[in-house]
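>>> Compute the structure for the input listed below.
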Amino acid sequence: MQAKESEFDVAVIGGGPNGLTASAYLQKAGLKVILIERRYELGGTLVTEDLGGIRAHLHHNYYMVYADAMPPISDLTLSEYAVSFVKPEIVAVVHDDSEPLLLYRDPKMTAENFAKRSPDDGRAFERLYGDISQLGGRILLPLTFSAPKDQNYSATLAKTAEGKKIVELAGMSPIGVLEYYNFKDDLIKATLLYLGCRWGLEPNVEGHGDLFTHYLSGALNLAIVKGGSQMLSNGLAYAAYEAGLETFLVCEAQRIRILKGGVEVQTNDNRVVRARLVISTAGLTKTFLAMAEEIKASSEIRKIVESWAPNEWSLFTMNSGVKEVPKFKIEEKNPNVQKALMHIFGLSSPDALLNALSSKNSEPTLFNLSIPTVFDPSQAAKGVHLLRIEAEAPIAISGGWKVACSRFSEALREAIYERVSNEQRLGFFINYVFPPEWISMKFPNIKEGSIWGGKIGNIDERVRLASLYDLVEGVIYAGHDAYPRGPLSLSQGYIAASKAVSRLRTRVWWKEPKWLIEARDARII
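Residues are numbered from 1 along each chain as shown. Predicted structure coming up:
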């Protein structure tokens with residue numbers, strides 16, 4: 001059968017958050033863009049499933065660390081497409097038998113709450129938050145949305161006072177950062193480690209200290225997307241479609257050929273797409289070692305791709321429908337507990353956290369739950385509430401997840417029953433579980449269930465990863481395992497769009513945020 005051929009300026013492979021972001025920016029730049037997506041719907045890991053009265057969120061992206069800080073929110077006027085965020089005043093509460101530990105969006109209130117438990121830790125938190133607010137806005141946020149080019153970037157950073165501080169923190173482990181700021185209380189330390197590390201960092205591994213402070217700052221400003229996480233991908237898709245985007249759905253890219261003056265993408269349904277440029281979000285291994293045959297010989301690319309390693313732990317998620325909001329017993333000590341977005345259970349010390357994250361752990365000893373319908377009733381039918389539970393768990397478990405699923409879900413449900421006073425009235429009527437190994441089944445580009453894009457390296461390893469945006473003529477890589485990794489930020493799509501307009505010498509219609517311009521003027525990026 002004769003292949004169906006078509007021509008575009010840009011072919012984007014993958015309709016997840018980054019593919020949609022790049023497509024929307026480039027289509028609005030006046031380029032002719034085709035988006036190729038193997039699934040029947042767009043959105044990728046932002047998927048929200050409607051299940052008998054509740055809106056189930058399968059992926060880690062349910063919690064938004066960056067929210068309004070992401071440039072695409074304003075650039076693409078996503079509020080016009082019903083994208084908005086819910087930002088509760090109390091970000092998290094740790095359910096401790098003696099007294100609940102509350103963390104507020106207002107850092108002063110968090111410091112005061114810490115000080116009630118440990119005066120030293122209240123002062124330590126003020127110092128830490130002061131530093132990370134300054135460093136995050138000046139350096140780490142700009143670095144998230146602009147890939148560094150200099151392979152000796154650490155030396156470049158160290159030429160400024162703020163950069164020198166970043167390099168110093170970058171050499172530490174997350175635990176080392178807390179020791180540096182002189183935190184004392186075990187529960188407070190474990191809580192900060194949990195919030196800062198759950199985006200893909202290992203608490204005791206050196207080389208992550210800079211990202212730990214950045215992710216912690218974001219985690220202390222957590223938000224959720226009103227209506228469910230897929231509302232964000234819907235907004236991106238609407239913005240792109242309105243600008244004229246074309247899509248091939250239920251269509252999988254299988255081969256990339258680099259031609260003279262362009263690129264060719266061949267698909268599983270006998271299509272041939274010719275373009276001036278390809279942006280791939282299909283995963284490092286598939287893009288560079290399976291599809292793009294002509295670039296296999298590049299030792300630099302092969303070294304980067306083959307250095308990839310999976311996360312040792314991932315998430316077991318459970319979305320449950322209940323008939324009544326849980327009434328936690330610990331609310332008797334502090335009624336504000338009910339106002340928290342994230343409820344954390346199983347924390348006591350850094351050692352307890354490390355044990356829970358161990359690949360040998362076969363029980364859900366650590367988990368968090370949220371009740372989105374307390375803040376956003378649209379996420380369930382009238383009179384119904386959604387419980388969303390995330391338990392840290394090994395990607396592979398003894399006996400397999402087919403057996404472990406029921407054990408984990410039952411243990412989590414029992415743990416909730418033990419902590420509430422209205423267990424008889426909760427009335428669980430849906431219990432939708434999604435274990436770590438299912439992640440790569442639903443999203444094949446998320447290799448081995450590593451939902452943060454694999455292990456995150458030190459600052460020099462991250463800079464090497466950033467080179468993938470520029471290494472191949474005709475191809476820009478923008479998958480979730482590209483620079484910068486970590487929590488959803490839309491940054492890979494944003495950076496890819498910037499690189500694409502530069503290569504194709506077309507107009508940049510968007511205005512960079514002030515903090516990005518200032519960082520460039522200061523030669524930080």
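
>>> Against I13, how distant is the spatially closest residue to V273 that is not a sequence neighbour?
Closest residue in space to V273, ignoring its immediate chain neighbours: V265 at 4.4 Å, by CB to CB, 6 or more residues apart in numbering. All C-beta spots, glycine's among them, are computed from the backbone N, C-alpha and C. Remark: distance between V265 and I13 (CB to CB, to the nearest Å) = 7 Å.

>>> which neighbours do the two share?
By the contact definition CB atoms under 8 Å, 6 or more residues apart in numbering, V265 and I13 are jointly contacted by I36, A253, V278.

>>> Going by neighbour count, which of those residues are buried?
I36, A253, V278 (16 or more other CB atoms under 10 Å).

>>> Which secondary structure state does the last one sit in?
Spelled out, that is V278. strand (DSSP: H, G, I helix; E, B strand; the rest coil).

>>> That one bridge partners, please.
Counting by DSSP bridges, V278 forms beta bridges with A11, V475.

>>> returning to that earlier point: tell me if I'm right that the residue nearest to V273 and V272 touch.
Yes: V265 lies in contact with V272 (CB atoms under 8 Å); the separation is 7.4 Å.

>>> what's in contact with the helix or strand containing S133?
In the assignment (DSSP states H and E), S133 maps to helix 119-135. With CB under 8 Å, 6+ apart as the test, helix 119-135 has contacts from 107, 110-116, 162, 165-166, 169, 177-178, 181-185, 188, 210, 213-214, 216-217, 220.

>>> of the shared contacts of V265 and I13, closest to G399?
G399 lies nearest to A253 out of the shared contacts of V265 and I13, by CB to CB, at 36.2 Å.

>>> and that closest one, what is it in contact with?
Residues counted as contacts of A253 (CB under 8 Å, 6+ apart) are I13, I36, R38, V265, Q266, T267, S280, A282, M291.

>>> any idea how far M291 is from it?
Counting by CB to CB, the separation of A253 from M291 is 6 Å.

>>> Spit out the residues that contact those two alike.
Residues touching both A253 and M291 (CB under 8 Å, 6+ apart): S280, A282.

>>> how would you label the residue nearest to I34 when sequence neighbours are not counted: helix, strand or coil?
Excluding its sequence neighbours, the residue lying closest to I34 (CB to CB, 6+ apart) is F8, at 4.5 Å. Judged by three-state DSSP, the three-state class of F8 is strand.

>>> wait, isn't F8 in contact with L35?
No: F8 is beyond contact range of L35, at 9.8 Å (criterion: CB under 8 Å).

>>> Have a look at the two and say which one is more surrounded.
Using other CB atoms under 10 Å, the more surrounded residue of F8 and L35 is L35, with 28 against 19.

>>> Check for me that that one belongs to a helix.
No: the assignment for L35 is strand, going by three-state DSSP, so no helix is present there.

>>> Domain-wise, how is the chain divided?
Following automatic domain parsing, one gets these domains for the chain: 4-48+71-83+226-309+453-521, 108-222, 312-449.

>>> of these, which approaches E99 most closely?
With CB to CB as the measure, domain 312-449 is the member of the domains of the chain nearest E99 (6.0 Å).

>>> Just the ones of the contacts of A253 in strands?
I13, I36, V265, Q266, T267, S280 (DSSP state E).

>>> Which one of those is nearest to L516?
Nearest to L516 out of those is S280 (CB to CB; 24.5 Å).

>>> so the closest one sits right up against R255, yeah?
No: if you go by CB under 8 Å, S280 and R255 don't touch, sitting 11.6 Å apart.

>>> Could you check which of the two is surrounded by more residues?
Counting neighbours by other CB under 10 Å for S280 and for R255 shows that S280 has the greater number, 30 against 15.
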